[in-house]
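Asker: this one's sequence-less:
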């Protein structure tokens, strides 16, 4: 059975004027480096804005609901503690959703692409598309990073015209970019191999988390924690799936093949974080608005009406927050 690697050049550059071709490729290189810089900066700013927006909305929600119910804060210290807990909750949510998104992106890449290092003397790294098969049933190569050879005297990216339907552009890249692509190829190949194990680990972890939520809800005669957890998991996965497609499209435009896989991973992380935090905020708004797992009780000690969050405290709570501290 033949190997999935088909390393023959699809075509050579027909224009003998290499100086003209090199000028054009220098422009492509400049555009590539500028795009990479802008994408990195955009991702950094997006992450910062997600956290800031999340904190702002969360604080606005807290102020809104505090104005609708009896103030149950015990002191300035408890107010600071609540604020710290909210900040820690947002950070924990970002980390958790980012991990889910990374696994979604890794599994998607592993299911769709194969990364092969080397091959012929000129090959640095090749990405194969599992969804496009040759006549022998082997995955076809989609994009390949090559060293200078033959009529192409510079480092370049080949893109398979049998898949794209477009003539191989032989995209010029610097020697440094080619080395980075090779390094990333090793990392992506490793991630592809461990992706199934990461998926199992996430499934087990989320299963345990759901189990803990069920335990707390049964103990507190509630269902809010379990319902929220399940919706949050779905939101993170859906966000990752949307993100991996968008990120892959952007990455493929910047750097076909390797950039597509890296972009997919980044997009999946950003998508999961965005969907996850957004869903968390919306659920807290909705659940609190409809008082899901919340009820008013009269303190048996002081007679004051207090808000009992049954999903946190249980339905057997008899004392208000002030009396519990005395």
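Answerer: The structure has been received and is ready for your questions. Just so it is clear, the structure is predicted and the values come from calculations on it, not from any experiment.
Asker: tell me the SS of residue 124?
Answerer: At residue 124 the chain is in strand, as set by DSSP: H, G, I helix; E, B strand; the rest coil.
Asker: Residue 248 contacts residue 260, doesn't it?
Answerer: Yes - look at residue 248 against residue 260 with CB atoms under 8 Å: they come within range, at 4.9 Å. To be clear about C-beta, it is placed using only N, CA and C from the backbone, and glycine gets the same treatment.
Asker: from the chain's centre, how far out does stretch 105-112 sit?
Answerer: 12 Å (CA atoms, centre = their mean, to the nearest Å).
Asker: Name the residues of it that are buried.
Answerer: Buried residues in stretch 105-112, counting neighbours by 16 or more other CB atoms under 10 Å, are found at 105-110, 112.
Asker: Equivalent analysis for stretch 209-223, please.
Answerer: So stretch 209-223, judged by 16+ other CB under 10 Å, has buried residues 209, 213, 216-217, 220, 222.
Asker: try stretch 161-181
Answerer: 168-173, 177-178, 181.
Asker: Max pairwise distance over those residues: which two?
Answerer: 168 and 177 (18.0 Å; CB to CB).
Asker: Retrieve the pLDDT associated with residue 60.
Answerer: pLDDT for residue 60: 54.
Asker: now swap in residue 157 and tell me
Answerer: pLDDT, residue 157: 95.
Asker: and what of residue 116?
Answerer: pLDDT, read off for residue 116, is 94.
Asker: What's the separation between residue 258 and residue 217?
Answerer: According to CB to CB, to the nearest Å, residue 258 and residue 217 sit 45 Å apart.
Asker: which strands and helices sit next to the one helix or strand residue 199 maps to?
Answerer: Element membership for residue 199 (DSSP states H and E) is helix 175-219. Contacts defined by 3 or more CB pairs under 8 Å, 6 or more residues apart in numbering; DSSP states H and E place helix 175-219 against helix 76-112, strand 113-117, strand 123-133, strand 139-146, helix 224-254, helix 258-289.
Asker: Just send the buried residues of stretch 105-112 back as CSV, with distance to residue 193 and pLDDT too.
Answerer: Below are the buried residues of stretch 105-112 laid out as CSV (distance: CB to CB, whole Å; pLDDT from 0 to 100):
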residue, distance to residue 193, pLDDT
105, 15, 97
106, 10, 97
107, 12, 97
108, 15, 96
109, 11, 96
110, 8, 96
112, 15, 95
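Asker: Out of these, which comes closest to residue 307?
Answerer: Of these, the one sitting nearest to residue 307 (CB to CB) turns out to be residue 105, at 40.9 Å.
Asker: so what's the closest residue in space to that closest one that isn't next to it in sequence up against?
Answerer: For residue 105, ignoring the flanking residues on the chain, the nearest one in space by CB to CB, 6 or more residues apart in numbering is residue 268 at 3.1 Å. By CB atoms under 8 Å, 6 or more residues apart in numbering, residue 268 lies in contact with 101-102, 104-105, 108, 240-241, 243-244, 247.
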